[in-house]
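K.L.:
give me a 3D structure for the following:
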Amino acid sequence: MPNKKTRSAKGQGTFYQNKDGTVTYRKGAGLKADGKRKTLTVTAATQAACIKLMKQKEAEWLNEKQRTQVTDRDNVEELCQRHLDFQVHNGELKPKSIDRREDTIRNQISKYPIGKMQIQAITPADVDNHITTLIKDGFSISTIKKCLDVLNAAYEWGVIRSELNYNPVLQIKRSIIKRLSKLENKAAADADVIVLSAAEEDSFYKEALRRNANNGNYKYAGGLYGALLLHTGMRTGELISLRWKDYDAQNKLLTIDKSTSMSRNRNATDPSAAKYVAIQGTTKNQKARVIKLSEKAISDLRMIREAKPGKPGDFICRTKTGKQYTATMLEHCMDTVYKHSGFLTQVSGLHILRRTFATRMYENGADVKEIAAYIGDLESTTMQYYIAARKKVIVGDKVRQIVPLPGHRKPAGDQNEKRDAPADNRSISE
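P.N.:
Numbering: from 1, shown residues only. So this is what the prediction gives:
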């Protein structure tokens, strides 16, 4: 038998008499942020108790709406921040994404005139002028695109909530993206993807494993960790999440199913608390995988274990005190290794090791689909951002970007086979 239904005495909401004697009260409360109707529901012993609970729930709902509600008095900075607050409250973003969004609002919106302009006064021309200013100020194309995405998402959010009439960013977004894409076009002298040359790769590996003459210890605390990045193509967050139980030495397999990133400590109440905390989650794009290791990667892991023996639950990459290594620590260490490796051009960052690994696999005959699966990425991303088709070499007295003759890549095989000698021993990194 269905529950008995009666309308509220004032025509607001509906009471349901439940089989267990309790009363459920449902009442509409306007629209949610996604444009759908919001219905509040409470259950109590009597209708009077339900009405009391409903008033409390309505007050909570009103406070939440006011916290994120867009008004004509808001400026663009406030709109973007309200949208971010809404996303954080609803768990739509990962901690690292929240950090990036905050940085974009602070550095590419709040510091510029557009950030203080009222949201209703913004026109497509204002958006275009702002992007032009960011270009002149020397920001990277990816940074400018992130700013454009933040503005567009915030306005779309306001439109969906029926708090804004239109989105001025959407009207001009396509033309701006087209303009930014032209700025990314590579000239004949530009590298398509920055990687280490074969000679530089050897120099890096030798330097990373350098030992101190006085005690025989490794010179660089994270040198072996950098070598493992070079020989596996892992992301840094994946590397520092690894524990010894993830390594199957008998079958030469490594399970990569976690990633660690550092994000701002938003829950800290003590001023002395750490400003950043480690957040462990799934791998990027949820590309968990088990990879077959090369002999060089196995050698790296063997040397790491000899230097720092550990139990199955211990981190593979850890400090002297046993704490988890961080991406920042590894980046600082690798910058020092790069500095002493004798490179002819400036090399920085950790991602160059991942790109070098993917490019070397491609040069040895591996298919892009295989490379993408191994490094845990999309085929399109792998081809565009991780494989260098051009080689920067010194021809005569000039540095040139050379595209090798198609069809002359090495046959597929073990990535640790001896590489052919470069055509010009003076080749340098892109």
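K.L.:
work out for me the element the residue lying closest to Ile109 once chain neighbours are set aside sits within.
P.N.:
Counting by C-beta to C-beta, 6 or more residues apart in numbering, Ile109 lies nearest to Gly115, which is 4.6 Å off, once chain neighbours are set aside. C-beta: built from backbone N, CA, C; applies to glycine. For Gly115, the element it lies in under DSSP states H and E is helix 113-116.
K.L.:
again, but for Ala297
P.N.:
Ala297 is located in helix 295-307, with elements delineated by DSSP H and E.
K.L.:
now that helix: average pLDDT?
P.N.:
When the per-residue pLDDT values of helix 295-307 are averaged, the result is 95.
K.L.:
swap in stretch 351-363?
P.N.:
In the prediction, stretch 351-363 has an average pLDDT of 93.
K.L.:
domain map for this protein?
P.N.:
Recorded structural domains for the chain (assignment: automatic domain parsing) are 4-68, 76-183, 198-402.
K.L.:
would you list those in TSV and tack on distance to Asp192 and mean neighbour count?
P.N.:
Below are the domains of the chain laid out as TSV (distance: least, C-beta to C-beta, whole Å; neighbours: other C-beta atoms under 10 Å):
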stretch	distance to Asp192	mean neighbour count
domain 4-68	41	14
domain 76-183	15	17
domain 198-402	5	17
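K.L.:
ok, of the ones you listed, where does mean pLDDT dip lowest?
P.N.:
domain 4-68 (a mean of 81).
K.L.:
how about the strands in the stretch 201-350 of the chain?
P.N.:
247-248, 253-256, 259-264, 276-281, 289-292 (DSSP state E, counting those that start in this stretch).
K.L.:
wait, which of those is closest to Thr328?
P.N.:
Counting by C-beta to C-beta, Thr328 lies closest to strand 259-264 out of those; the figure is 7.0 Å.
K.L.:
which other helices and strands does that closest one contact?
P.N.:
Using 3 or more C-beta pairs under 8 Å, 6 or more residues apart in numbering; DSSP states H and E, the elements in contact with strand 259-264 are helix 95-104, helix 236-239, strand 276-281, helix 327-339.
K.L.:
partner strands of it, parallel or antiparallel?
P.N.:
Sheet partners assigned to strand 259-264 using DSSP bridges are listed as strand 276-281 (antiparallel).
K.L.:
assumed Thr381 was part of a helix.
P.N.:
Yes. Counting by DSSP: H, G, I helix; E, B strand; the rest coil, Thr381 is part of a helix.
K.L.:
leaving out sequence neighbours, find the closest residue to Gly13.
P.N.:
What sits nearest to Gly13 in space, not counting adjacent residues and going by C-beta to C-beta, 6+ apart, is Lys27, at 3.1 Å.
K.L.:
using the three-state scheme, assign that neighbour.
P.N.:
strand.
K.L.:
let me see the contact set for it.
P.N.:
Residues touching Lys27, when contacts are defined by C-beta atoms under 8 Å, 6 or more residues apart in numbering, comprise 8, 12-14, 39-40, 54, 58.
K.L.:
max pairwise distance over these: which two?
P.N.:
The two members of the contacts of Lys27 with the most space between them (C-beta to C-beta) are Thr14 and Glu58, at 15.3 Å.
K.L.:
circling back: let's have the strands of the stretch 201-350 of the chain in JSON lines, adding distance to Ser162.
P.N.:
Listed next are these as JSON lines, based on distance: least, C-beta to C-beta, whole Å:
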{"stretch": "strand 247-248", "distance to Ser162": "54"}
{"stretch": "strand 253-256", "distance to Ser162": "45"}
{"stretch": "strand 259-264", "distance to Ser162": "33"}
{"stretch": "strand 276-281", "distance to Ser162": "34"}
{"stretch": "strand 289-292", "distance to Ser162": "44"}
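K.L.:
Gly115 reaches Leu79, doesn't it?
P.N.:
No. With contact defined as C-beta atoms under 8 Å, Gly115 does not reach Leu79; the gap is 9.7 Å.
K.L.:
so Thr41, which state does it fall into?
P.N.:
Secondary structure state of Thr41, per three-state DSSP, is strand.
K.L.:
and of the strands of the stretch 201-350 of the chain, who's closest to Tyr325?
P.N.:
In terms of C-beta to C-beta, the element of these nearest to Tyr325 is strand 259-264, at 9.3 Å.
K.L.:
could you dump that closest one to CSV, C-alpha only?
P.N.:
C-alpha atoms of strand 259-264 as CSV (Å, rounded to 0.1, in the frame of the first residue of the first chain):
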residue,chain,number,x,y,z
SER,A,259,50.6,9.0,-8.4
THR,A,260,51.5,11.5,-5.7
SER,A,261,51.3,15.3,-6.1
MET,A,262,51.9,18.2,-3.7
SER,A,263,49.0,20.6,-3.1
ARG,A,264,48.4,23.5,-0.8
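K.L.:
please compute how far that strand lies from its chain's middle.
P.N.:
Average the C-alpha atoms of strand 259-264, do the same for its chain, and the two points are 10 Å apart (C-alpha atoms, centre = their mean, to the nearest Å).
K.L.:
and if you look at stretch 278-286?
P.N.:
For stretch 278-286 - counting by C-alpha atoms, centre = their mean - the centre lies 9 Å from the chain centre.
K.L.:
what of stretch 361-373?
P.N.:
Stretch 361-373 has its average C-alpha position 23 Å from the chain's average C-alpha position, going by C-alpha atoms, centre = their mean.
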